[in-house]
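# model this:
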Amino acid sequence: MEWIPIVQKIKMKIWFGAVVDKVHIFLKCFYFYLAFAGIFSFTAFIAEESIQLLSFAQFSASDTRQYALMKENLEYMERINNSLKFLNTWCLWVIPPQQLGYRHYAAATDRYIETLKAEILANDPSVYIGEDVTIRFAYKGYERKNNGLWVARSKGVKVVLKDPPQSAIIEITGRLRADPEVPGGVVIEPI
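Reported below is the predicted structural model:
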């Protein structure tokens, strides 16, 4: 009957070995998941840091009133944010909490970009000449022109309208062009 403890020891080693093998397989899968998720996570983190660096640069550009530089920074920030949104939509689903955080970060960056665009348009709209823009415009007065169009004015900006404005603030999408009547002024014509 000496062989019974030996058999029990062998069975225990086999059982323990099977458990160790399963734990080993689990850890390999877990490490693979961490490496796979880390690739996307780190890329999203670097994109976030790039946006933050550009937002710090915007403070300096705004303080020195370099609106053309601010516009360049905004365009670059938009490209990075679009990449972050793509990464968040198609890759970060492997890390749900991080996907939620970066979704909100990208949405907040969109708001920041819109705010800075408004600052540029309010201070130096000539930076956007030749481009389509959407602005909220508080005009100081309007008049009817000979061609039947209405023109609303405020701080060197003219908005050409088909009908007289109905409220004190107009939201309009149009193409910006230089105003031939006002040096440094711009005209927004609805598209």
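# So, low pLDDT: which residues of this protein?
The chain contains residues with pLDDT under 70 at 1-15, 147-148, 153-156, 158, 162, 182, 184.
# how about I191, what does it touch?
By CB atoms under 8 Å, 6 or more residues apart in numbering, the contact set of I191 is D132, T173, G174, R175. Bear in mind the C-beta positions are built from the backbone N, C-alpha and C, glycine included.
# Distance to Y142, secondary structure and neighbour count for these - can I get that in TSV?
Converted to TSV, these look like this (distance: CB to CB, whole Å; DSSP: H, G, I helix; E, B strand; the rest coil; neighbours: other CB atoms under 10 Å):
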residue	distance to Y142	secondary structure	neighbour count
D132	22	strand	11
T173	18	strand	11
G174	15	strand	17
R175	20	strand	15
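# who does the host helix or strand of M77 touch, helix- and strand-wise?
Element membership for M77 (DSSP states H and E) is helix 67-90. Helix 67-90 is packed against helix 3-63, helix 96-123, with contacts defined by 3 or more CB pairs under 8 Å, 6 or more residues apart in numbering; DSSP states H and E.
# Buried deepest among the ones you listed, which one?
helix 96-123 (a mean of 16; mean count of other CB atoms under 10 Å).
# ok so, going back, next, the buried residues of the helix holding M77.
67, 69-71, 73-74, 77-78, 80-81, 84-85, 87-88 (16 or more other CB atoms under 10 Å).
# Put together JSON lines for the residues you listed, with distance to A152 on each row.
Formatted as JSON lines, those follow (distance: CB to CB, whole Å):
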{"residue": "Y67", "distance to A152": "23"}
{"residue": "L69", "distance to A152": "30"}
{"residue": "M70", "distance to A152": "26"}
{"residue": "K71", "distance to A152": "24"}
{"residue": "N73", "distance to A152": "30"}
{"residue": "L74", "distance to A152": "26"}
{"residue": "M77", "distance to A152": "31"}
{"residue": "E78", "distance to A152": "29"}
{"residue": "I80", "distance to A152": "36"}
{"residue": "N81", "distance to A152": "32"}
{"residue": "L84", "distance to A152": "38"}
{"residue": "K85", "distance to A152": "35"}
{"residue": "L87", "distance to A152": "42"}
{"residue": "N88", "distance to A152": "40"}
